[in-house]
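> Next come a sequence and a model predicted from it.
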Amino acid sequence: MKRTFITGATGGLGREFCKLFAADGNDLFLVGTNAEKLSALKAELEREYGVQVDVCAADLSKREEYAKVVEKVKSAGYFINRLVNNAGFGDQCDFKDMNLELQMDMLAVNCGALLYFTQTFIKEMIEKNEGSVLNVGSIASFVPGPYMSTYHATKAFVLSLGEAVAHEVRKSKVRVLTLCPGPFDSGFVGRAGNDYTFSKIKPCPAETVAKYGYKMLKKGKRIAVVGFKNKLTVFAPRFVPRNFTTSVTAKLGKKGG
């Protein structure tokens, strides 16, 4: 039984991906932290799109939860032919003042879970010579980020891993896309505490980001930067010293940065 696996499914970008895949008739396996929200989303998607939806509540900041999720997939006999690693969060803070446990949790969610699920499910995709992986990176993947240093570093990991794996599977029909949006409407800003950045850069709708990512996934692209201005933002640093780029990013990350 084929299933599309989506993490961070209940809010923002994840929810939009759920609707897009369901609208195309894909049965879903959804992961999120809130069991009640997952149940409500399951009912909504099954009612609106007539697809089958299975859910699993898990805290992806805890490594032992990864195996719990995979065990549920395997016991149900699902073939995960589409994987969307969307779960992630950020934190705006001076490096010296950061909550270290929170940063370690961020590494676990943004990098650890993504690595675990990608490596676990891509094996069968390669065996069956079909499937796709969409990893949610960011334009933060391309530059250092003072005052959001851990977040930028995790997204750099996502981009680097995605490009490498995409190259390794290039001779198969399996495709790996790293989606790199700029700021978009979601619960991210509230949790990250970076209202200053969002006051300077107008976020785009999560629906726009999801639709673009879905389109690029179907086209078999390896990297997709969302929006013309973001493309310029990613391209421009190639022509200036990295310390200059870091200074610009710092000014966007914090007042007085």
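Alright, I've got the coordinates. Residues are numbered from 1 along each chain as shown.
> chain center to stretch 113-120: distance?
12 Å (CA atoms, centre = their mean, to the nearest Å).
> what comes up buried for that stretch?
Residues of stretch 113-120 classed as buried under the neighbour-count rule (16 or more other CB atoms under 10 Å) are 113, 114, 115, 116, 117, 118, 120. In short, each C-beta sits where N, CA and C put it, glycine included.
> The last one contacts residue 70, correct?
Yes: the pair residue 120 / residue 70 is scored as a contact, 5.6 Å apart, by CB atoms under 8 Å.
> secondary structure class for the nearest residue to residue 131 once chain neighbours are set aside?
The spatial neighbour of residue 131 that comes closest, neighbours along the chain excluded (CB to CB, 6 or more residues apart in numbering), is residue 125 at 3.0 Å. Here residue 125 is recorded as helix under DSSP: H, G, I helix; E, B strand; the rest coil.
> Residue 125 contacts residue 174, correct?
Yes: using CB under 8 Å, residue 125 makes contact with residue 174 at a distance of 4.7 Å.
> thinking again about what came up before, among the buried residues of stretch 113-120, which are located in helices?
Residues of the buried residues of stretch 113-120 located in helices (DSSP state H): 114, 115, 116, 117, 118, 120.
> Now the closest residue to the first one other than its chain neighbours. Its backbone dihedrals?
Put plainly, it is residue 114. Leaving aside its chain neighbours, residue 114 sits nearest to residue 85 (4.2 Å; criterion: CB to CB, 6+ apart). With angles defined as degrees, to the nearest 10, residue 85 sits at phi -90, psi 90.
> What is the burial count for residue 85?
Other residues lying near residue 85 total 30 when counted by other CB atoms under 10 Å.
> Quick one: mean pLDDT for stretch 135-149?
The average pLDDT within stretch 135-149 is 94.
> Residue 176 touches residue 162, doesn't it?
Yes: using CB under 8 Å, residue 176 is in contact with residue 162, at 5.5 Å.
> Pull up the overlap in contacts between those two.
133, 135, 222 (CB atoms under 8 Å, 6 or more residues apart in numbering).
> What is the neighbour count of the first one?
I take that to be residue 133. As a burial measure, residue 133 scores 26 neighbours (other CB under 10 Å).
> what's downstream of the strand or helix carrying it, the next helix or strand?
Using DSSP states H and E, the element containing residue 133 is strand 132-136. Using DSSP H and E, the helix or strand that follows strand 132-136 in sequence is helix 149-168.
> outside of that following helix, which residues touch it?
Contact with helix 149-168 is made by 85, 88, 90-91, 95, 98, 103, 106-107, 110-111, 114-115, 118, 122, 133, 135-138, 140-145, 175-178, 180, 192, 222-223, 249, as judged by CB under 8 Å, 6+ apart.
> Which parts of that helix count as buried, going by neighbours?
Of the residues in helix 149-168, those buried (16+ other CB under 10 Å) are 149-159, 161-163, 165-166.
> and the angle from that helix to strand 132-136?
Counting by axes from the mean of the first three to the mean of the last three CA atoms, to 10 degrees, helix 149-168 lies at 160 degrees to strand 132-136.
> so for the helix or strand that helix 149-168 is followed by, what's the average pLDDT?
Later in the chain than helix 149-168, the nearest helix or strand by DSSP H and E is strand 175-180. Mean pLDDT, strand 175-180: 98.
> could you say what helices and strands the host helix or strand of residue 103 packs with?
Per DSSP H and E: residue 103 is located in helix 100-107. Helix 100-107 is packed against helix 149-168, with contacts defined by 3 or more CB pairs under 8 Å, 6 or more residues apart in numbering; DSSP states H and E.
> The helix it packs on vs strand 175-180, what angle?
160 degrees.
> Since that was my last question, I'll sign off now.
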